[in-house]
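Trainee: coords please:
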Amino acid sequence: MEAILRAERLGWILWLVTLLVAGGAAFTPRLRSAGWRTQGPLFLVVALHPGSWMSARAGDCGRTLVAGSILVAALAPLVAGFLYWRSGRAANAAR
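Mentor: The predicted model follows:
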């Protein structure tokens, strides 16, 4: 039972970290100037994060939850960086 509670706690913590990364990236001036529609992948990463919807009470005591949460939490800064890079390219192309 302790492993299940630990997995659920880690899932929620990693979801919060993903939310903070996505929220912080969404409010940078460079991404805000690109518009809210271009930030859809950030919100998708937060919405699909297993820490917010997956239970650890299934057969593997939360191992899938922990692995999925780590994967998505590592993916969030990559998505934010890609959107930041793409918004800079679009601004340079408009000049």
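
Trainee: packing partners for the lengthiest helix in the chain?
Mentor: When the chain is parsed with DSSP state H, its longest helix is helix 63-94. Applying 3 or more C-beta pairs under 8 Å, 6 or more residues apart in numbering; DSSP states H and E, we find helix 63-94 packed against helix 2-26, helix 29-34, helix 40-47, helix 50-53. Glycine gets a C-beta too; all of them are placed from N, C-alpha and C.

Trainee: Of all the residues in it, which ones are buried?
Mentor: Going by neighbour count (16 or more other C-beta atoms under 10 Å), the buried part of helix 63-94 is 64-66, 68-69, 72-73, 75-77, 79-80, 83, 87.

Trainee: ok, now how distant is Leu10 from Phe27?
Mentor: 26 Å (C-beta to C-beta, to the nearest Å).

Trainee: Of those two, which one has the most company?
Mentor: Neighbour comparison, Leu10 and Phe27: the larger count goes to Leu10, with 18 against 10 (by other C-beta atoms under 10 Å).

Trainee: got a list of what the more buried one touches?
Mentor: By C-beta atoms under 8 Å, 6 or more residues apart in numbering, Leu10 lies in contact with 51, 62, 65-66, 69.

Trainee: ok, which pair from those is furthest apart?
Mentor: Gly51 and Gly62 (10.5 Å; C-beta to C-beta).

Trainee: out of the two, which sits in the more crowded spot?
Mentor: Gly51 (27 against 22).

Trainee: On the pLDDT front, check that one for me.
Mentor: On pLDDT, Gly51 comes in at 87.

Trainee: hang on, Leu14 packs against Ser52?
Mentor: No - assessed by C-beta atoms under 8 Å, Leu14 is found out of contact with Ser52, at 9.9 Å.
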